[in-house]
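1. dropping a prediction and its sequence here:
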Amino acid sequence: MPELPDVEGFRRYWSATALHQAIVSVEVRAPGLLEGVSEAAMNRRLVDRAFASAHRHGKWLFVEVTRDGYLALHFGMTGGLAYFKAPAEAHRHARMVLDFDTGYRLAYIAARKLGHLALADDIAAFCRKRGLGPDALRIGRDSFVEQLGRRRGRIKTALMGQDLVAGLGNVWVDEALFQSGIHPETPCHRLPRRTLERLYRVMRRVLRVGIREAIQGGGFPSGYLRGHRTEGEPCPRCGMPLRRLRINQRSTYYCPRCQGESGAK
DNA sequence: AGTACCACCTGACGGC
DNA sequence: TGCCGTCAGGTGGTAC
C-alpha cells in the first residue's frame, strides 16, 4: 500500500512512538532486504543509540540515529510498522524487529519482501544516488510544470517515475489524473501549461487528503476514484462505467467521460 | 527518450 | 480440497 501518504503516516507513527529510547537489539529476519549493510553492521550502528527524529522523502523514511546518520526504510508494496509492548509476538511478516530498553518493540513489516533497509549518512546524497527527484509535496509549481511539459512520454508514466517527482504511485497518480480530468495516456508535451498547473494543485490536494486518511482513517470524500477501482463500476462523478487500462504493467482506472481522450496517436 | 518485459517475493481470490 | 492463473498502492535491469 505505501505511497507518499502512507509513508507520511509511518513517519508520524514512528515520531509518536519510537524516538528517544535506547535501542537494545536489532533482529533482521529477512537479510535479503538489507542494502549495502550487514546485520552486524546494522547492530553496531543502532544498538545503544536512540532515534532522534523521522523524515520522509517520496516513499522513503529516514530515521535519524542520534548523531550518526539515518536508518533508511522503503516499504515496497506491502510494508508497514507496528509498535507494541514486548513480549507480544511480533507480526508474522515482521522482517526487522527493534527492541527498546523501555520494553517496547518496533517491527518493520513487509509481507512480500519488496522493501529495502539501508543506512544513510546524508538524506540528500542518498536520494541523489537513487535518482529520486524532489518530493511531490515540496516541488515548486513552476519547476513541476516546466519539467513535465518537456517530456514526450505518457503523463501516467512520467508521474509514476520517481525521478521527476518522488512519492506518487499507481493509486495516487490515477487519483490526481482523474480529478484533473486528464487521460492517463496523454503525452506530457500535449498538455497546456494551464492544465499542468491544475494538475499540480490537484496533486497536492489529493496527497493531503490521503495523508489525513492515512493518519485518521475515516475514508475518502465522495467523488474520489479511490475505492472505485473496478472496471465497469460507475464513475463517482458522472456515473459512466470506469475503464481499465494497462500502463507500464500496472492497472490504470479512468473515466472515459471525465478524462476524455488522450490526444495520442 | 520511451517502452516492453522480466525479476524480485508472498498472499488472496476465482474457476475448474 | 487442490491446483492454476491472475491480481496486488514498488522498483530495477535489460533489450529494443
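-> Now that the structure is in, tell me what you want to look at.
2. does stretch A:176-183 reach DNA strand C?
-> No: on the criterion CB under 7 Å from any atom of the strand, stretch A:176-183 is out of touch with DNA strand C, staying 12.7 Å away. Every C-beta, even on glycine, is put in place using the N, C-alpha and C of the backbone.
3. just the C-alphas of that stretch, formatted as CSV.
-> Output in CSV follows, covering the C-alpha atoms of stretch A:176-183 (Å, rounded to 0.1, in the frame of the first residue of the first chain):
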residue,chain,number,x,y,z
ALA,A,176,-4.6,13.0,-9.5
LEU,A,177,-5.3,12.5,-13.2
PHE,A,178,-8.9,11.6,-12.5
GLN,A,179,-9.6,14.8,-10.5
SER,A,180,-7.7,16.8,-13.1
GLY,A,181,-9.7,15.5,-16.0
ILE,A,182,-6.6,14.2,-17.8
HIS,A,183,-6.4,10.9,-19.7
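4. who touches that stretch?
-> Stretch A:176-183 has contacts (CB atoms under 8 Å, 6 or more residues apart in numbering) with A:155-156, A:159, A:168, A:184, A:191, A:195, A:198-199, A:202-203, A:205-206, A:224-225, A:253-255, A:258-263.
5. same thing but at 7 Å, please
-> A:155-156, A:184, A:191, A:195, A:198-199, A:202-203, A:206, A:225, A:254-255, A:258-262 (CB atoms under 7 Å, 6 or more residues apart in numbering).
6. can I get the buried part of these as one ChimeraX selection?
-> Listed next is the ChimeraX selection for buried residues among those, using 16 or more other CB atoms under 10 Å:
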select /A:155,156,184,191,195,198,199,202,203,206,225,254,255,258,259,262
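7. in strands, which of the contacts of stretch A:176-183 fall?
-> Residues of these located in strands (DSSP state E): A:Y254.
8. how about the residues of the stretch 151-265 of chain A near DNA strand B?
-> Close to DNA strand B, as judged by CB under 7 Å from any atom of the strand, the stretch 151-265 of chain A has residues A:R151, A:R152, A:G153, A:R154, A:T157, A:C188, A:N248, A:Q249.
9. perfect, I'm done here.
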